[in-house]
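Student: Kindly generate the corresponding structure for this input.
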Amino acid sequence: MKGIVWNDETQGSEYDIIDIPADLQAEAEEWREKMIELAADYDDELMNKYLEGDLESITEEELIAAIRKGCISMGLTPMLCGSSYKNKGVQPLLDYTCAFLPSPLDTENVVGTNPQTKEEEDRKPSEDEKTSALAFKIATDPYVGRLTYVRVYSGKLQAGSYIYNTRSGKKERVSRLFQMFSNHQNPEEVISAGDIGAVVGLKDIHTGDTLCDEDAPIVLESMDFPDPVIGIAVEPKTQKDLDKLSVGLAKLAEEDPTFTVRTDEQSGQTIISGMGELHLDIILDRLKREFKVECNQGKPQVNYKEAITKDVQLREVYKKQSGGRGKFADIIVKVGPVDEDFKEGGLQFIDLVKGGNIPKEFIPSVQKGFEGAMKNGVLGGYPMDSLKVELIDGSFHPVDSDQLSFEIAAIQAYKNACQQAKPVLMEPIMKLEVVTPEENMGDVIGDLNKRRGQVEGMESSRSGARIVKAMVPLAEMFGYVTALRTITSGRATSSMVYDHHAPLSSSIAKAVLTEVDGRADLV
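Tutor: Numbering: from 1, shown residues only. Here you go, the predicted structure:
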């Protein structure tokens, strides 16, 4: 029945305990009574005092003992307030972890699987048992290097000994052991069953790996990590920080399995993905504090593509004279969309040249020129997925013509033909599935309509929720998970997979192209 006020200037390390403010006193007493009512179910003496209305005589020790019984029996789940972003609430959380949660002696033996026999085995929380430990977190410390946090379930870990990793099948040396106290490390020679410590020296280690004796292998239950749901593009504010950014992101991804980093092949952007916008905010804050890298961030560029919508026939002549041997190529081509039965994608190239007007050795160069040119469209430089080219006729010069001349002629023909063939911008369309409570379904569908989504159907799930299926442009889905949580009070879930590319309307295409390079004259 006290208030706790944290000091913002000390990053949450200092706080003051105060009397509960008068305007919150009545609410605090109401919730304390509710807490005693629940805790009394697990302690007879507490129950008697509660039924007699003798709340004043209930001591803090009695209440903690009752809540501890409720936690160990899995009947109660205490909730604490805090903010990981501002480091507030850490101290009460640690205090109540010690006060309420079970020690290893209060729980059943840990159960794992023998990787050789595939049968279940259990280990007692005793130093006399064979060693089994779980690596549950990997962190980078500026002074001691890579730290692997482990919980020892049985046996013991000793500094200077070797331990077996059942995932990699390799033995690794435990060079040093620490017990961690906030940002201080206390060196230890042994970490015994029931203890949590940090190991220095492990090279090939992932979060969730089991460490054990080689002659008694066991695989403890690992952790399942959900796929990231939101991504943003990042770049360093100064070019000299590029290497520091790469190193920092690699170390953070190693520590956090729910955080991923990739380079988008088409846009060249570095995309970081995580479990929510707050998760990525903390990652960027850590990059700034720990790795001294300032980042610009923004929406990931969408993987647009280009296509043409009509056939165009033209003649392209490439002629260059520079005093000696020149360059000459002459081709007549018909360029258009691929045939409906052409399913492979890429270039559909048809050679219709007769009579040797273009020698056979130059035909592949024309094809190569078009294939290379398709990587850059005429609207915004986006790739063109499919194109049909018919090489109808042409001519050559016995001295000046060569393979490079015909390749360059093909590249020029591609640009000139595509500009006349009504090019369109294609955007990725995602197949979206949202599972939502029925009372939120109208709001979910309304939000999808605002995002240019097309609802394709609704179903009922076994749990009574509704499943909304829709096709939505990827460009409109940035931050959708956060918006969905807001609309449904966190009760809806969504999954999204790529389906196809579809043409953009001219007004939206103009806006996209103006943003990319300031010109949209071909749309």
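Student: Only C-alpha atoms from now on, for both contacts and neighbour counts.
Tutor: OK.
Student: Low-confidence ranges, the stretch 101-250 of the chain, go.
Tutor: 227, 229 (pLDDT under 70).
Student: next one: the stretch 301-450 of the chain
Tutor: 301, 323.
Student: if you go through it in chain order, where are the strands?
Tutor: 305-308, 312-320, 327-336, 346-351, 386-395, 423-436 (DSSP state E, counting those that start in this stretch).
Student: Burial-wise, tell me which of those strands comes out on top.
Tutor: strand 305-308 (a mean of 26; mean count of other Cα atoms under 10 Å).
Student: contacting residues around it?
Tutor: 336-337, 377, 379, 382-387, 418, 421-427, 501 (Cα atoms under 8 Å, 6 or more residues apart in numbering).
Student: same thing but 6 Å
Tutor: Strand 305-308 has contacts (Cα atoms under 6 Å, 6 or more residues apart in numbering) with 382-384, 421-426.
Student: ok, now stretch 198-217?
Tutor: Contacting residues not belonging to stretch 198-217 are listed as 131-137, 147-150, 163-165, 174-178, 219-220, 222-223 [Cα under 6 Å, 6+ apart].
Student: cool, and stretch 234-243?
Tutor: 270, 294-297.
Student: Please pick the buried ones from those.
Tutor: Among the contacts of stretch 234-243, those classed as buried by 16 or more other Cα atoms under 10 Å are 270, 294-295, 297.
Student: Pick out the most distant pair among the residues you listed.
Tutor: With distances taken as Cα to Cα, the most widely separated pair in those is Thr270 and Glu294, at 14.4 Å.
Student: what's the burial count for Ile230?
Tutor: 21 (other Cα atoms under 10 Å).
Student: State the distance from Gly112 to Val302.
Tutor: Going from Gly112 to Val302 by Cα to Cα, to the nearest Å gives 44 Å.
Student: Same drill for the two, tell me which one is more crowded.
Tutor: Neighbours per residue, other Cα under 10 Å: of Gly112 and Val302, the larger number sits with Gly112, 20 against 16.
Student: Secondary structure element holding the more buried one?
Tutor: Using DSSP states H and E, Gly112 falls within strand 110-113.
Student: hmm, who's touching that strand?
Tutor: Under Cα under 6 Å, 6+ apart, the answer for strand 110-113 is 119-123, 218-220.
Student: Now tabulate those in CSV and tack on neighbour count, secondary structure and distance to Leu314.
Tutor: Shown next, in CSV, are those (neighbours: other Cα atoms under 10 Å; DSSP: H, G, I helix; E, B strand; the rest coil; distance: Cα to Cα, whole Å):
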residue, neighbour count, secondary structure, distance to Leu314
Glu119, 10, coil, 72
Glu120, 13, strand, 73
Glu121, 14, strand, 75
Asp122, 15, strand, 77
Arg123, 18, strand, 78
Ile218, 30, coil, 71
Val219, 24, strand, 67
Leu220, 24, strand, 68
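Student: Just the helices from the chain, written as ranges.
Tutor: Ranges of helices in the chain, per DSSP state H, are 22-39, 44-51, 60-72, 90-100, 242-255, 277-290, 363-373, 403-420, 441-450, 480-488, 506-517.
Student: how about TSV for the ones you listed, with mean neighbour count and distance to Cys81 added?
Tutor: TSV is the format used below for these (neighbours: other Cα atoms under 10 Å; distance: least, Cα to Cα, whole Å):
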stretch	mean neighbour count	distance to Cys81
helix 22-39	13	14
helix 44-51	16	25
helix 60-72	18	17
helix 90-100	14	9
helix 242-255	17	25
helix 277-290	16	17
helix 363-373	20	58
helix 403-420	22	60
helix 441-450	15	30
helix 480-488	16	20
helix 506-517	15	43
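Student: Could I get these in TSV, plus columns for distance to Gln321?
Tutor: Listed next are the helices of the chain as TSV, based on distance: least, Cα to Cα, whole Å:
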stretch	distance to Gln321
helix 22-39	90
helix 44-51	102
helix 60-72	88
helix 90-100	77
helix 242-255	45
helix 277-290	56
helix 363-373	20
helix 403-420	12
helix 441-450	58
helix 480-488	58
helix 506-517	34
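Student: So which of these is nearest Ile467?
Tutor: Closest approach to Ile467 among the helices of the chain (Cα to Cα): helix 441-450, 8.9 Å.
Student: just to revisit the earlier point, between which two of the contacts of strand 110-113 is the distance greatest?
Tutor: Glu119 and Arg123 (13.3 Å).
Student: quick one on the thing from earlier: report the lowest-confidence entry in the buried ones among the contacts of stretch 234-243.
Tutor: Scanning the buried ones among the contacts of stretch 234-243 for pLDDT, the low point is Gln297. It has 85.
Student: Mind listing the residues bridging to Ile230?
Tutor: Applying DSSP bridges to Ile230 gives these bridge partners: Gly274.
Student: Now do it against Ser495, distance only.
Tutor: 12 Å.
Student: circling back to that earlier point, which of the contacts of stretch 198-217 are buried?
Tutor: 131-137, 147-150, 163-165, 174, 176-178, 219-220.
Student: I'd like to know how many residues surround Cys212.
Tutor: 28.
Student: which ones are touching the closest residue to it other than its chain neighbours?
Tutor: Spatial nearest neighbour of Cys212, excluding adjacent residues (Cα to Cα, 6 or more residues apart in numbering): Ser132 at 4.5 Å. By Cα under 6 Å, 6+ apart, the contact list for Ser132 reads 153-154, 211-212.
Student: again, only using 10 Å
Tutor: Listed by Cα atoms under 10 Å, 6 or more residues apart in numbering, the contact partners of Ser132 are 110, 112, 123-125, 150-157, 163-164, 193, 210-213, 216-220.
Student: Show me what it is bridged to.
Tutor: Assessed by DSSP bridges, Ser132 has beta-bridge partners Ser154, Cys212.
Student: who touches both of Ile230 and Ser495?
Tutor: With Cα under 10 Å, 6+ apart as the test, Ile230 and Ser495 both reach Val481.
Student: one step back: is it possible to get TSV of the strands of the stretch 301-450 of the chain that adds distance to Thr263?
Tutor: Below are those laid out as TSV (distance: least, Cα to Cα, whole Å):
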stretch	distance to Thr263
strand 305-308	18
strand 312-320	36
strand 327-336	32
strand 346-351	23
strand 386-395	24
strand 423-436	18
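Student: To His279, which of these lies closest?
Tutor: Taking the strands of the stretch 301-450 of the chain one by one with Cα to Cα, strand 423-436 is closest: 22.1 Å.
Student: same for the closest one, what does it pack against?
Tutor: strand 305-308, helix 441-450, strand 454-460, strand 466-473, helix 480-488, strand 493-503, helix 506-517 (3 or more Cα pairs under 10 Å, 6 or more residues apart in numbering; DSSP states H and E).
Student: any chance of the ones you listed in a markdown table, with distance to Lys170 too?
Tutor: Below are the helices and strands packed on strand 423-436 laid out as a markdown table (distance: least, Cα to Cα, whole Å):
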| stretch | distance to Lys170 |
| --- | --- |
| strand 305-308 | 46 |
| helix 441-450 | 50 |
| strand 454-460 | 49 |
| strand 466-473 | 46 |
| helix 480-488 | 40 |
| strand 493-503 | 37 |
| helix 506-517 | 50 |
